[in-house]
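Peer 1: What follows is a protein structure lacking sequence information:
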């Protein structure tokens, strides 16, 4: 393979950069607008109906999730979910 000169490398770099910019502009509609925050006064009330009662460590996990929501945590992770 023959090595290319600096001007050819610059041209290839510019071409790749231009293509990336065009793709970025084309995908602008996919970028979320602004930060979304939870507003409890306008949020719909969530009611869960189930024939089952929480068992095992579920009551504690539910309490921790509720506490996190009340403290404004928008992201929480359940660890060790079994039987799902």
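Peer 2: The structure has been received and is ready for your questions. Please read all numbers here as calculations on a predicted model, not as lab measurements.
Peer 1: How about the secondary structure of the residue nearest to the spatial centre of the chain?
Peer 2: Closest residue to the average C-alpha location of the chain: residue 75 at 9.5 Å, with C-alpha atoms, centre = their mean. With DSSP: H, G, I helix; E, B strand; the rest coil as the basis, residue 75 sits in coil.
Peer 1: and the next element down the chain from the helix or strand where residue 13 lies?
Peer 2: For residue 13, the enclosing helix or strand under DSSP states H and E is helix 6-26. Per DSSP H and E, the first helix or strand lying C-terminal to helix 6-26 is helix 58-70.
Peer 1: Give the buried residues for that next one.
Peer 2: Residues of helix 58-70 include none that count as buried (16 or more other C-beta atoms under 10 Å). (C-beta placed from N, C-alpha, C; glycine too.)
Peer 1: Find out how far that helix is from the centre of the chain, if you would.
Peer 2: Centroid separation between helix 58-70 and its chain, computed with C-alpha atoms, centre = their mean, to the nearest Å, is 21 Å.
Peer 1: which strands and helices sit next to it?
Peer 2: Taking 3 or more C-beta pairs under 8 Å, 6 or more residues apart in numbering; DSSP states H and E as contact, there are no helices or strands that helix 58-70 lies on.
Peer 1: From the rest of the structure, what touches that helix?
Peer 2: Residues outside helix 58-70 that contact it (C-beta atoms under 8 Å, 6 or more residues apart in numbering) are 54, 76, 78.
Peer 1: Can you give me the first-to-last residue distance of stretch 48-64?
Peer 2: Using C-alpha to C-alpha, to the nearest Å, the gap from the first to the last residue of stretch 48-64 comes to 17 Å.
Peer 1: what's the burial count for residue 8?
Peer 2: 10 (other C-beta atoms under 10 Å).
Peer 1: Now rank the contacts of helix 58-70 by neighbours and give me the top one.
Peer 2: Going by other C-beta under 10 Å, residue 54 tops those with 12 neighbours.
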